[in-house]
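K.L.:
quick one: sequence and predicted model below, then my questions.
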Amino acid sequence: MKDTEIKKLLFAHIFCVVSIILSTVVPSFFLENFSVLGTHLTWLCICSACVTTVNIFLYIIVKPNPSSKRSSFAHKISRFLKCCIYFFMSCIVFHGIIVLYGAPLIESVLETFLFAVLLSTFTTLNCLCMLGPNIQAWIRVFSKNGAMSIWDNSLQITTMCSIVGAWLGAFPIPLDWDRPWQVWPISCSLGVTFGYVAGLIIAPLWIYWNRKQLTYKSR
Amino acid sequence: GALHRLAASRPRHARLYRFRADPPTTTMQRIKGLTTGSLPTFVDVGSNFASYAIREDNLLAQLVRNGRRVVFMGDDTWDGLFPKMFSRSYFFPSFNVKDLHTVDDGILQHLYTTVDGGDWDLLIAHFLGVDHCGHKHGPDHPEMAKKLTQMNEMISSLVDHLENDTLLLVAGDHGMTDTGDHGGDSEKEVNAALFVYSKTPLFRAGPPEEPETVPQVNLVPTLALLLGVPIPYSSIGEVMADLFEGDGDAVTASLSQLAAYHVNAKQVDRFLDSYALAAQDLPGDRLKQLKELFTAAAEEHAQLLAQVQEGLVASPELEAQLGRLRGHFQHYLREARAVCTASWARFHPFRMVAGCALIAASCLLCYIASELANALDFYHHCFYSLFGGLLAAALLGWARVDLDPILVVSWVAAASQLGFFWHWWSQRPRRIHLASVRPPVASMGLWQRLRAWLGPALPLGILALRCGAMFSDSFVIAESQVVPFLLASLAMLWVGKLHWDGQLSTPSDAPKQPPGSLSCHKESWPLLGLLAALLVCLRLSSLFHQCRDEVPHCQPSPCLAPLSSLRSPQAKNLCYLLCVASLVGLVYAVRRWLRHYGNLNSTSPLVLFVRWGFPLTAFCIACYWAVTSGTEDTLGKLQELVQAALVTFPRAVYGLVAAGLLLVLWKPVTVFAQDSRAAAGPIVTPFQGAPSSEADLLHVISQIYRRMQESLNSRLEGGSRWAAVAAYGLGSVYSAALVITLTLLGFFLLLLHSERMSLSFLLLFLEAFILLRLHVSAMSLAGEAEPFVVPWNAVIAWVLATAQFFYSTGHQPIFPAIHWNAAFVGFHEDHATHLVPALLVAANTFASHILFAVGCPLLLLWPFLCETPGSRRKRLKKDPQDEEQEPLMEMRLREAPERFSAVLLQLGLKYLFVLGMQLLACVCTAMILRRHLMVWKVFAPKFLFEALGFVVSYVCLLLGISLVLRVDCAISAWYRQLEPR
């Protein structure tokens, strides 16, 4: 049972990684002058959109936390709308936090906001897919003994890796190397992407490694 | 290349020398050396810090004064060093090390036309490509070959453009190491080449086999005399005799050389004389020796000249005499230079390493001692080693008075530290034994122990990042943004870890609910609010930053300028009102706080001072601001009045602050005690026993000191009456004294800054308050069983806030950014001594260090202060008998006096450890990167500021702790006073 779940997780994650790689490679065939550094904003949009679709798609196929209740269509719609509102709010909150951390307030607002969107895609969107618009569950999952399935564990790992990646991405900005990727927010968005990819790869491995220790309370 | 070809083919026209630079071999220091002829050290004594311009006498200034035209092209460092000296100049930006071609191409564009144009007396072309190429690629790179080829071509074509009476000098100002860096004193860095060429023959004989070595300072007197201007005052160079030979016969040549030597020696002698008068760092006996050398040579010269004029001496004899005399002068000049070099520019690698080791050992000591603070007996032994060290120092000092005091002090420090470590090591087995007795430690698995260790590891990791950031010049330059970033990260981690450990949310008690649902802790929302407020404070504080000149598009905060510089009167009024409002807000907040804890009820002089003196001080500051911001458009008659007011108001503030501080020291107890034994009632519970209607209204939390009550009760049990004393504000007596002191210091420091900085100070107090609250709620949420121990999180956040507000009060660790005008607040004319202005400027610069260090004990006191009735109620449920127990607050500390002093010491040691680690990082940076391109511009000033800040923090920390101890003594006296009644 557990092994099959881990396999499922691994395949889902590999799918996500491939989608990110494709989002950097494929557009250059269709768009002229496309490059991750040169037309960074475009890439940010494409990458967010790509990861969003892949995640929703995976969620529909895999259904990690199947809800026992049968729900009506109206319920599903309201749930979806709630998810959208949550996602938007998380973008705003991330934007605020990034600005409080020292990003410019007025100039390059668009860059900052798109970076916040990317960050939300990698963190909030996963939470929304896995846990639904349920803050209580989020609070539970992100505490020491809160994980109830390997999906929760992988959620913890990917989210933390993404945020740490974004945080580390800020470090090269003050250096005087004059590289194109040192411009705000490129290093941070690259950092968050690498962090997310690392999290995607680490999570199944870590869970596989610790599968003996991981015991979950039944829900 | 071209140089060798010329030197070989035309030996009488060209010659190649080995050109030796004096360390430090950085570009700016070398330019100074090449123009003033002295040995520029990093802080040029007597120069003006506010600008980099050379104020010393120098070659260019002499030329300009004598009506010569100097043309410059190349490195724009010269622009800052010699503003408005050049008759024509072509500056090109030199800051970007990656850019190999801008400067060189720019020069080449103008060089030949300017040379051919001929309207110049001295033309300086400073090429930078080779230097930059060395920094970027190193000396053995193909790019370097290209660059050198370009230079070679430039020289060979320049030679063709020269006039007959033109002297071409090609010189490198320094060499480079194998990695292409420079700045230090290694053989490869100080060696460069000097090439001399002219179309008219210069030399009488061909070049020697081995090229002669010429010190760099020699260029200045040589050029000065060749161009016919006085040698710059502080030059210690020796003329290059070869260039004064001329065309005539041997005797004429020798005579002209001798004349040059004489002028040169006279100038050096005059400089040494006046230098020895001004500073004492040249050894006296050597100076005397030099003086004798000079007098002898000068006398001989005079005699010889007289003989020559009378035509007494035969030619060969004369020549020999001349040669001998030249030798004397040469000897004198070289000796003089040797003396100066020995005392001015030296690296002491051994001393550097020893100093680093000493600081590292001190940090380790602080850490160990803070971990051991609970083992009380330990300290008694430690003091022996300290006293032993001091005793040894006194003995040494007495026995050998002439020893270098720095050496003595460092040896003593090392000795006493060794004593401490030895003692610690010898005690170790016993402690391990003690530790293993305790079961939980022994049974903990590796994983759990790792977890336990992870707690302090996170904040210490942030500290390590901060220290690591000192090793990069970019990070030092951007430190004003790095520190808030790290502080924000630390706060986030702090709260995040609390959440991760599940302390923010409590599992709901009701078993019926599904186990998944959790309810948030009641206190977690205020905690998140505090976090958000902290982040906002951090962001707002960046509005007050000063700029460094390394950051290209930086605008200094408008708040740094005085209000009088504002043009529009409306904006001025608005800003003024805002400043006064922030001042009033500060006073109001402090009074409100004191009132809340009941420290404003007594009639002691200190409380009266807080009630009336604080508003008065604020009023004085506001008046001073009003006067300063409007001085320009006052009428003539009022001028004197304004001048008087400019002096009076600040002095009044100084006086009030001093009076307040003295009052705090004299009677720090702000407790209002009411003896209710006369009343016939039972034990007075606090709210019944309110002293007056006013206190009733003000919702006073009264405190009863339980132990005292018990003792009184037991003593009076035989009597017929119950008795108790209601004491108002006893629970916060320590913090009240500290807060009052901090406010007073805040007033003083506020006055030294420009008006609009008061907003930044308000932010400072607000952020300190938020940090304290965050610390308290984190502690109460984490359920620390031991409120006596201040966690690393709080201490490191406190230190980071210190650094943050160093920048946010408009400072930068560079000399041009020092606010010199702080020295003239309240003093209109020049100062009689240097002490007062130095103190004022230091207080201005290290304002945040002072405030945060004095306020450091608050980290210990605040958790006791916020012991809320809520937590008491919980206890009440369990133990209904404990009903009349009041929160003891800070009196809990008095219940265990030994613990109290121990934890105070522990807190101080932790604070010192964090500061010391930062200092250590700075020192290591300055040591390891002493060859770095940026060492004199970035690292060395940073090190100086950090070291001074450390000293200021240390002294202020001691003051803060001693203030707490003073309050403790006063409280003891207060109790003794109560008891007999």
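P.N.:
Structure received. It should be emphasised that the depicted structure is a prediction, and the values quoted were computed from it without experimental measurement.

K.L.:
contacts and neighbour counts: CA atoms only from here.
P.N.:
Will do.

K.L.:
residue contacts, whatever residue of chain A ends up closest to chain B?
P.N.:
Distances from chain A to chain B, computed as C-alpha to the nearest C-alpha, single out A:Ser143 as the nearest residue at 4.0 Å. Neighbour list for A:Ser143: B:His499, B:Trp500, B:Asp501, B:Gly502 [criterion: C-alpha atoms under 8 Å, 6 or more residues apart in numbering or on different chains].

K.L.:
out of the residues you listed, which is nearest to chain A?
P.N.:
The closest of those to chain A turns out to be B:Trp500 (C-alpha to the nearest C-alpha; 4.0 Å).

K.L.:
distance of B:Arg270 relative to B:Ser89?
P.N.:
Summarising the geometry, the distance separating B:Arg270 from B:Ser89, computed by C-alpha to C-alpha, to the nearest Å, is 34 Å.

K.L.:
which one of those two has more residues nearby?
P.N.:
When B:Arg270 and B:Ser89 are compared on other C-alpha atoms under 10 Å in any protein chain shown, the one with more neighbours turns out to be B:Ser89, at 20 against 13.

K.L.:
does that one count as helix, strand or coil?
P.N.:
For B:Ser89, the secondary-structure state derived from DSSP: H, G, I helix; E, B strand; the rest coil is strand.

K.L.:
which residues pair with it across the strands?
P.N.:
Taking DSSP bridges, one finds B:Phe72 as the beta-bridge partners of B:Ser89.

K.L.:
quick one: the helices in the stretch 151-300 of chain B, in order.
P.N.:
Along the stretch 151-300 of chain B, counting by DSSP state H, counting those that start in this stretch, helices occupy B:187-190, B:219-227, B:250-278, B:284-310.

K.L.:
same check, this time on chain A
P.N.:
Secondary structure of chain A, counting by DSSP state H: helices at A:2-25, A:27-30, A:40-62, A:73-100, A:109-122, A:124-131, A:135-141, A:150-169, A:186-209.

K.L.:
and the fifth one, what does it pack onto?
P.N.:
In this case it means helix A:109-122. Here helix A:109-122 touches helix A:40-62, helix A:73-100, helix A:150-169, helix A:186-209, going by 3 or more C-alpha pairs under 8 Å, 6 or more residues apart in numbering or on different chains; DSSP states H and E.

K.L.:
how about it: buried residues?
P.N.:
By neighbour count on 16 or more other C-alpha atoms under 10 Å in any protein chain shown, the buried set for helix A:109-122 is A:Glu111, A:Thr112, A:Phe113, A:Leu114, A:Phe115, A:Ala116, A:Val117, A:Leu118, A:Leu119, A:Ser120, A:Thr121, A:Phe122.

K.L.:
ok, so of those, who is nearest B:Ala926?
P.N.:
In terms of C-alpha to C-alpha, no member of those lies closer to B:Ala926 than A:Thr112, at 36.7 Å.

K.L.:
doesn't A:Ile186 make contact with that closest one?
P.N.:
No: with contacts defined as C-alpha atoms under 8 Å, A:Thr112 does not count as touching A:Ile186, sitting 10.0 Å away.

K.L.:
ok, the residue lying closest to B:Val607 once chain neighbours are set aside - contacts?
P.N.:
Counting by C-alpha to C-alpha, 6 or more residues apart in numbering or on different chains, B:Val607 lies nearest to B:Leu600, which is 5.9 Å off, once chain neighbours are set aside. Applying C-alpha under 8 Å, 6+ apart to B:Leu600 gives the contacts B:Arg591, B:Leu594, B:Val607, B:Arg611, B:Thr670, B:Gly729.

K.L.:
what packs against the helix or strand harbouring the first one?
P.N.:
Element membership of B:Arg591, judged by DSSP states H and E, is helix B:569-596. If contacts are counted by 3+ C-alpha pairs under 8 Å, 6+ apart, helix B:569-596 sits against helix B:614-629, helix B:733-752, helix B:757-782.

K.L.:
is it possible to get TSV of those helices that adds distance to chain A?
P.N.:
Supplementary listing: the helices and strands packed on helix B:569-596 in TSV, determined by distance: least, C-alpha to the nearest C-alpha, whole Å:
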stretch	distance to chain A
helix B:614-629	31
helix B:733-752	26
helix B:757-782	14
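
K.L.:
can I get the ones you listed in CSV including mean neighbour count, mean pLDDT and distance to B:Cys537?
P.N.:
Conversion of these to CSV gives the following (neighbours: other C-alpha atoms under 10 Å in any protein chain shown; pLDDT from 0 to 100; distance: least, C-alpha to C-alpha, whole Å):
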stretch, mean neighbour count, mean pLDDT, distance to B:Cys537
helix B:614-629, 20, 90, 24
helix B:733-752, 23, 91, 18
helix B:757-782, 21, 90, 6
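
K.L.:
mind putting those helices in CSV, distance to B:Leu535 included?
P.N.:
Formatted as CSV, those follow (distance: least, C-alpha to C-alpha, whole Å):
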stretch, distance to B:Leu535
helix B:614-629, 29
helix B:733-752, 23
helix B:757-782, 9
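
K.L.:
what sits closest to A:Cys188 if chain neighbours are left out?
P.N.:
By the measure of C-alpha to C-alpha, 6+ apart, the closest residue to A:Cys188 outside its immediate chain neighbours is A:Gly169, 4.1 Å from it.

K.L.:
ok, back up a step: which one of the helices and strands packed on helix A:109-122 lies closest to B:Val952?
P.N.:
Counting by C-alpha to C-alpha, B:Val952 lies closest to helix A:73-100 out of the helices and strands packed on helix A:109-122; the figure is 30.5 Å.

K.L.:
how about the closest one against chain B, any contact?
P.N.:
Yes: against chain B, helix A:73-100 shows contacts by C-alpha under 8 Å from any C-alpha of the partner chain at A:Leu100.

K.L.:
mind checking how far that helix is from the chain centre?
P.N.:
The chain centroid and the centroid of helix A:73-100 are separated by 14 Å under C-alpha atoms, centre = their mean, to the nearest Å.

K.L.:
ok, now stretch B:732-746?
P.N.:
Computed by C-alpha atoms, centre = their mean, the separation of stretch B:732-746 from the middle of its chain amounts to 26 Å.

K.L.:
same question for stretch A:171-186.
P.N.:
Distance of stretch A:171-186 from the chain centroid (C-alpha atoms, centre = their mean) equals 23 Å.

K.L.:
quick check, it touching chain B?
P.N.:
Yes: contact between stretch A:171-186 and chain B is present through A:Pro174, A:Leu175, A:Asp176 (criterion: C-alpha under 8 Å from any C-alpha).

K.L.:
between the two ends of that stretch, how far is it?
P.N.:
Start and end residues of stretch A:171-186 are separated by 12 Å (C-alpha to C-alpha).

K.L.:
now do the buried residues in that stretch.
P.N.:
When burial is assessed from 16+ other C-alpha under 10 Å, stretch A:171-186 yields the following buried residues: A:Phe171, A:Pro172, A:Ile173, A:Pro174, A:Leu175, A:Trp181, A:Gln182, A:Trp184, A:Pro185, A:Ile186.

K.L.:
residue boundaries of the strands in the stretch 51-200 of chain B?
P.N.:
The residue ranges that make up the strands of the stretch 51-200 of chain B, judged by DSSP state E, counting those that start in this stretch, are B:70-75, B:88-92, B:122-126, B:167-171, B:191-198.
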